[in-house]
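Student: I would like the atomic coordinates for the input below:
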Amino acid sequence: KPYFELNNVINGVFLVAEKLYGLKFEQVFDVEIYHPEVTTYKVTDEAGKEIALFYADFHPREGKRGGAWMTSYKSQYRLDNKEERPHISIVCNFTKPTEEEPSLLTF
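Tutor: Reported below is the predicted structural model:
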């Protein structure tokens, strides 16, 4: 179980996406979020072109439904020759870390 610490899994998934698809994930702080626990990343390709905005919401809280899902807050489209990139989200309910224990994922 310690090998599946949430932050290690996130870093591993981002590394695999970079090696396989050339995607880079950079945490951003200047984007409006719907809850303080949401982390937002700008996703770019190898040339630095923005691909998407990715919202990650990993922990349960009061009022949040159970389970896991992904959704799109904004679709990609082209308007007046301007390319608009998608805003997507993955939502889960992994156990929150504590001061003594990290968030551990089961296989």
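Student: OK, contacts around residue 51?
Tutor: 23, 43, 44, 45, 85 (CB atoms under 8 Å, 6 or more residues apart in numbering). No exception for glycine: its C-beta is placed from N, CA and C like everyone else's.
Student: Next step: those residues restricted to strands.
Tutor: Judged by DSSP state E, these include 43, 44 as members of strands.
Student: And the contacts of residue 51, which two are furthest apart?
Tutor: Spanning the widest gap among the contacts of residue 51 are 23 and 85, at 12.8 Å by CB to CB.
Student: quick one: the helices in the protein?
Tutor: 6-21 (DSSP state H).
Student: Low-confidence regions, it specifically.
Tutor: 1-3 (pLDDT under 70).
Student: could you redo the last one with a cut-off of 80?
Tutor: Scanning the chain for pLDDT under 80 picks out the ranges 1-3, 107.
Student: Where is the longest strand in it?
Tutor: strand 50-57.
Student: For the spatially most central residue of the chain, which residues are in contact?
Tutor: Centroid check for the chain by CA atoms, centre = their mean gives residue 56 as the closest residue, at 3.3 Å. By CB under 8 Å, 6+ apart, residue 56 lies in contact with 10, 38, 39, 40, 41, 89, 90.
Student: Cool, thanks, signing off.
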